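>>> what would the 3D arrangement of this be:
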Amino acid sequence: MIEVVVVMSVILIMTAASLFYMNNQGRLFKTDDEALQIVDVLQEARQRSLTQRETMRVEIDLTSKMARLIDENEVTSASDDVLLKEVNLYPSTEVRLNARPSNINHSPPEVLASATADFRMSVHPFSATNNVCTYRFLNTGRVVNAGENATGNNAQLKSETLFIWSPSKNNPNEFEVARAITVVGTTGAIRLWEYSPNSNESNKWQDSRRVSSYGGQSQGNTNSLY
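Numbering: from 1, shown residues only. Just a heads-up that it's a prediction; the model follows:
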C-alpha cells in the first residue's frame, strides 16, 4: 500500500507540473499562431490584388475578433464586396493588437518609417461602426487606408506596424511574447518580426523570415515576403 501511495503521489505531481507547463506554453504559442494567420491573410490579399487586378481589403476587427479578406470588385460600389476569408482572433486577454506594449520602446527597424497600426470606426459594410484596422491592397502594388467612405474615397498611402503580443499576468500593458507585422504602403511588402528581449538594444526586433502558405518557403528564402 505504501508503494502504491508513493507511485500515485509521483504521478499526480508530474501531471500537475505538466499541466502547468502546457498551460503557460499554450498561452505563449497563441501569439505566434495569431501573427502567422494575419500574415497569411495579408499575403493572400497582396497576391490576389496583383493577379486578379482588383482591390483586396483586409479588416482586422477588434470588436468581432475577426480578420477578414474581402474582394472589393467594382471600386465605385460597396454593394458588390465579397467576403473571401474570415479568421477568428483570440480574446484581448490572451493576445493584444491595439497598441505597442509599454515595455517595448521602439518599432522594428524598417528603412521607411511606419506608424503603429491605426484602429478606428469602420466605414465598410462587413464591419460598420466596429473598431477596425483596414489595409486595402491596390492592383498597383500599393497599400492604402480605408478612406472616407465605403468605397474608399480619398484613401491615403498606409505604412504601418501591427504589434501582436501576449499580455503579462502581472501587468496587462506589458508583454510576455511579442511579434510585429510591418506593411509597407509603397510596395505592399509584408514582414514578420520577433522580439528578442535578451538581444542588444539595437537588435531586439529580428526578421523572422517565416511566411504564410502564400509567401513561399519558410526556410532559406530571405526575399519571400517581398
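>>> could you pull up the residues touching the residue lying closest to residue 145 once chain neighbours are set aside?
Closest residue to residue 145 apart from its sequence neighbours, by CB to CB, 6 or more residues apart in numbering: residue 158 at 4.5 Å. To be clear about C-beta, it is placed using only N, CA and C from the backbone, and glycine gets the same treatment. For residue 158, the contacting residues are 135-136, 143-145, 183, 185, by CB atoms under 8 Å, 6 or more residues apart in numbering.
>>> what segments of the protein are helices?
When assigned using DSSP state H, the helices of the chain occupy the ranges 2-52.
>>> for it, which spans come out with low pLDDT?
Low-confidence segments of the chain, defined by pLDDT under 70: 7, 10, 13, 15-28, 210-226.
>>> sorry, back to before: closest to residue 54 among the contacts of residue 158?
Here the nearest of the contacts of residue 158 to residue 54, counting by CB to CB, is residue 136; it sits at 10.8 Å.
>>> ok, the closest one touching residue 54?
No - counting by CB atoms under 8 Å, residue 136 stays clear of residue 54, with 10.8 Å between them.
>>> before we move on, the earlier item: want to try a markdown table for the contacts of residue 158, with neighbour count and distance to residue 12 as columns?
Output for the contacts of residue 158, formatted as a markdown table (neighbours: other CB atoms under 10 Å; distance: CB to CB, whole Å):
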| residue | neighbour count | distance to residue 12 |
| --- | --- | --- |
| 135 | 25 | 50 |
| 136 | 24 | 55 |
| 143 | 28 | 54 |
| 144 | 20 | 58 |
| 145 | 19 | 55 |
| 183 | 25 | 49 |
| 185 | 20 | 56 |
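>>> neighbours of residue 140, just the number please.
As a burial measure, residue 140 scores 12 neighbours (other CB atoms under 10 Å).
>>> circling back to that earlier point, from the contacts of residue 158, which is closest to residue 192?
residue 183 (10.8 Å).
>>> contacting residues for the closest one?
The contact partners of residue 183, taken as CB under 8 Å, 6+ apart, are 42, 114, 135, 143, 158-162, 189-190.
>>> which ones among those residues map onto strands?
Counting by DSSP state E, the contacts of residue 183 place 135, 143, 160-162, 190 in strands.
>>> list just the nearest of the residues you listed to residue 32.
residue 162 (14.2 Å).
>>> now do the same contact list for the closest residue in space to that closest one that isn't next to it in sequence.
Closest residue to residue 162 in three dimensions, ignoring its sequence neighbours and counting by CB to CB, 6+ apart: residue 117, at 4.1 Å. Applying CB under 8 Å, 6+ apart to residue 117 gives the contacts 60, 97-98, 133, 160-163.
>>> roughly how far does residue 117 sit from residue 8?
To residue 8, residue 117 is 51 Å away according to CB to CB, to the nearest Å.
>>> thanks a lot, see you next time.
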